[in-house]
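Trainee: Coordinates only, no sequence provided:
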């Protein structure tokens, strides 16, 4: 490896290596102050790589099982918005967390999650992607439980269960992918998967494995718990770059751009639609603004999933779908995390003036999510609409209508969010350091469209079409009507669904046998659970678990037995060779 | 003169063995110098192998088949690196461990130097009879090290181990006799080239394989291992579990892939694979019910050895590399684990799991070492064990042998079960932790460093796997 | 306790399968021997061709100390290892009290035999270069002299001049090692001797080995010269 | 069958008999003896092979191997006997702990 290679290896690995280095520095007392000062800027190298490093170069780094780093046009966009968000959230967190032990702990997990997130975007090989993905998933746990409350730990537990479940699909999925591709290179994956006889299995494993991160139904139930539990900068990165990593996993590992069974695209599109509307309906019943945002994320990820489904249905138009999904992902990451950062600002606003300003900022973010004209949301919706048009059969008409209806729902959901924020005040110290990153984000959401390639005026123009204006208007009108008329008609008591919705029956089911036992009803499950307490069963269990194995083991130790086994092995090995 | 580095890992420990036998003082210094020299030589050798491909070295100026040659390919280099680094750690740990026991230490040093050189003799030899001498050197020194402290359990375990070891070696020697009778040469490479199936070669294969399976403690021939490894002095437990079983495993690997490939049938490989899978399950089940920490760790070795044998059933480049990588990372992790367990046992008087409650408060470094080593044994991501399991799983999926996937994954879960059970005891807070002896200086840190290396092996797999591909028998892996 | 019947049953249960398996093994081994390929090949031709370069006249000695000197070198290592291993057990020495051990006949016999054995030792050593014999045979004879002396109570297992004895024990291996590796500094391979000195060097090494082997074999018989330690925990 | 094969066969029979002894007699000294004699059986096989090679002189390489093997076997046997003695000193038994002392062999 000559100097130039070495230098570029350093350059390309720095986005993942710098956070790791900072974690080590945080762990060691002497270097801790320096690390604390630098931690907010840990994503800077990634940002620089995203801006300057360019697409197409792939360098090999002799780490892991031989990993490769590089960028494609898609991952460049992912890296750009992810690194940007990590930077903003890092600066924000520096001021939000203050100094001291909790801050160090938070930044430890923050940096580890960042390392995983940025690493998986940059890596160009299966093993690297998988390992960074795992690092990100497990490190996020620390962000979730940071508050240390009982709810936080419950959320963390639910989150971990989903992560481990996802693992169970991902590990075999990833290994299968590399086996069928005969290579660890990501570029070769989609085609290899499409041609493999095992493609159905691989498709399922990848869909479910990354689905836990994307929050596809019914694997969505951790989101409404973890967003409220995490502190605002943590929730911002979880809802921004982290959740998009699951989407990136789908984009990289599913056989996109290849002709595959129609069933796959249909399944994904339907799953996306279900999540899109389910999120809105359940979200409207939430009281906690962060839970509302979580359901909004479920819904919005659903729309991106629809885009992917359409892309699979119409492989020839895949570049268009890919662009739409990428734009949508960037938009949603920015807008959603801006709402979380804004929530933090609003909570700490200590004067009516700052509070009004903060609410205004939230309104901008909410409008962007709703897809109001001149926001990034409108651009995202527009590109999705273009993609939908490429779908085969009667899909375009149906999907287009649903997209517009969905936009009404999203607007209502955002209104629900704003109403939920209004009554809250928790005065605290408000630093400029909280305002500035947030303001930057809002600027990106609104003016960022001007930076898109093409004529800015034209881009602004497409966001002003009838199909973007009417859903938002209708949504706002409906919300206003509800706000004004609701109390008079006694409608303020909307139905309440606990955050995590299906989690409630799930936990109930898991606790069922215990409850039945308490009620005196024996069930097979209860009997199983009862075993250790029943002396007769305990006896058997002890025998099976301890006595028999120990007895068998001690009989194997008899010299006679052991040496006869040895002789038998000699003879068997000979005859095994003979017989073939 | 190029390539002379190859004799250093053999001659330097032998020189140290003679000197430490002869002089009462300075044994630790001599051993540390040996360690440093061995590491330097092995690193140089590995770089040469990486650079120039497999190396041969003629001894006495006589080429094979008349003379004996040393041979170093990627596999040998990786094994030498393993023995050099783990051996150095054992040297450092033992210096602390035996500091208060001059009468035991006096014999420990020459015996350990003999054991160390015997491993390197085996890793480098390209002559089947010379390998027999190496095996006996290893067997006798291993047993003598085990019985060093003269405790009752260790003596009986040592007696059993010696009988096992001699039986295994004699089976091997009989195999050598049959091979010489058939081919009239002793050089590994020549026999490999001439190999053809015949009753004598089948019998030789069976004898050699069974002998090495016995010495490597493959289920159901593992009966001698748990008593031996658990009753030995802690540095010896570490070196037996980490290195000595790898010596005979290495020999088996060499013979199957370099000597016998023309005579082996897939069915024989499947038999070993099935025994390996059984070892994983059986070792784990027994580890789960142990009440003593060192026995638990010893049964974990029984289980982990199972992974090594799966490669014989899968027979792809990935499986071969994965098996060897498992041997490598297990060496570091298990040495660390036995060292940590030994420190705790020495400090708290015994290694009953209940006695060890709360040791994490007094000996956090040892408990960290135990936990980190556990990560590798469970095969969690970013550890050396993960790399090994990834490769084994790839091979199992590639060859469509699904049930090995289940066994490997299930084995990871079982490992988590027994290790977490031990860790739960170590982490249980208790008001009174009675410390009988303070651990010697450096012993805790040594275990921790080894455990960290076992983890790091996951991060830097690529260069090691690349080295391993030099002269690999089944071709190269997925790039 | 097991009743006699029970024990007999147990014995049958053990020995019948053991006999059956051992018999199968015998058949297997016999079959392998009978079916060995003919004509057999060996290394005779190669050894004969290289005899003149080996420095000695007897093919077995040439193989032992030159062609396969590495095996011999390691085997001397095994010998030293076994000694350390036995000593590490701290067995009480097998000393004899001269008062009880020595009858007049034994005393006289030993006095007469030992010098004779020493002569035989030297002869065996020298003979090794041209016919059957060599360091091991000579060493074994030397060891027999040592054992006779011990059994007759002339020497004791716990000796005083420990350094000297240790030198005699480890010297053979040490000299072998030093010479074998030392010539590497001159650019030779390991255990490769300059041809012009080969004969002398081999004889010298054999001599040193004879002393060490004799002492070691005797010492294996003697037990440990060291006081058993207090239990060290 | 040539006399050479006969030697080899008898070596193999010695090995098999010793294997039987090693398996079925629990006394440690018997086991050690069985192993030692088994080694001799293998040496016999080696030596018979040295005469299989056509030609006037026997193949010297098996001789050398046997000489080496004998020394190794002596070492192993010496250590095994010493260890058995030590085991007897400490446990007062000449058997491995899991083996019972059959009456006819006790004492």
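Mentor: Great, that's in hand. This one's a predicted model, so the numbers in the text were calculated from it and none came from an experiment. Numbers count the residues shown, from 1 in each chain, chains lettered A, B, ... in the order given.
Trainee: how about the strands of the stretch 351-500 of chain A, start to end?
Mentor: Counting by DSSP state E, counting those that start in this stretch, no segments of the stretch 351-500 of chain A form strands.
Trainee: what about residue A:110, how many residues close to it?
Mentor: Look at residue A:110: counted by other C-beta atoms under 10 Å in any protein chain shown, it has 31 neighbours. For every residue, glycine as well, the C-beta is placed using N, CA and C.
Trainee: Verify the stated contact: it with residue A:235.
Mentor: No. Contact criterion C-beta atoms under 8 Å: residue A:110 and residue A:235 do not qualify, at 11.9 Å.
Trainee: for chain C, longest helix please?
Mentor: The longest helix of chain C (DSSP state H) is helix C:4-34.
Trainee: To clarify, my last question referred to chain D.
Mentor: helix D:60-91.
Trainee: quick check, that one touching chain B?
Mentor: Yes. Applying C-beta under 8 Å from any C-beta of the partner chain, one finds helix D:60-91 in contact with chain B at D:61-62, D:65, D:68-69, D:72, D:75-76, D:79-80, D:83-84, D:86-87, D:90-91.
Trainee: PyMOL command to pick out the buried ones of these?
Mentor: In PyMOL, this line selects whichever of the residues of helix D:60-91 next to chain B come out buried by 16 or more other C-beta atoms under 10 Å in any protein chain shown:
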select buried, chain D and resi 61+62+65+68+69+72+75+76+79+80+83+84+86+87+91
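Trainee: Surely residue B:56 forms part of a helix?
Mentor: No. Residue B:56 is assigned strand when assessed by DSSP: H, G, I helix; E, B strand; the rest coil, not a helix.
Trainee: Give me the neighbour count for whichever residue of chain D sits closest to chain A.
Mentor: Closest to chain A within chain D is residue D:23: 4.5 Å, counting by C-beta to the nearest C-beta. Neighbours of residue D:23 under the rule other C-beta under 10 Å: 25.
Trainee: Would you point out which residue of the stretch 151-300 of chain B is nearest chain C?
Mentor: Nearest residue of the stretch 151-300 of chain B to chain C, counting by C-beta to the nearest C-beta: residue B:184, 3.3 Å away.
Trainee: Which pLDDT value belongs to that residue?
Mentor: We note a pLDDT of 92 for residue B:184 in this prediction.
Trainee: Quick check: closest non-adjacent residue to it.
Mentor: residue C:41 (3.3 Å; C-beta to C-beta, 6 or more residues apart in numbering or on different chains).
Trainee: isn't the one you found right up against residue B:181?
Mentor: No. Here residue C:41 does not reach residue B:181: they are 9.7 Å apart, not a contact under C-beta under 8 Å.
Trainee: So if I had to pick from these two, which one is more boxed in?
Mentor: When neighbours are counted by other C-beta under 10 Å, residue B:181 comes out ahead of the other of residue C:41 and residue B:181, with 25 against 18.
Trainee: Residues of chain C that sit close to chain A?
Mentor: So chain C meets chain A at C:14, C:17, C:18, C:21, C:22, C:24, C:25, C:28 (C-beta under 8 Å from any C-beta).
Trainee: please redo it, this time with the cut-off set to 7 Å
Mentor: C:14, C:17, C:18, C:21, C:24, C:25, C:28 (C-beta under 7 Å from any C-beta of the partner chain).
Trainee: Lowest pLDDT pick from these?
Mentor: Where pLDDT dips furthest among these: residue C:14, at 83.
Trainee: where are the low-confidence patches of the chain?
Mentor: With no chain named, the answer covers chain A. Scanning chain A for pLDDT under 70 picks out A:1, A:423-430, A:448-455, A:457, A:486-495, A:512-539, A:579-580.
Trainee: try chain C instead
Mentor: The model of chain C has pLDDT under 70 over residues C:1-6, C:228-233.
Trainee: Quick one: the strands in it, in order.
Mentor: Secondary structure of chain C by DSSP state E: no strands are present.
Trainee: ok, how many other residues are close to residue A:482?
Mentor: 18.
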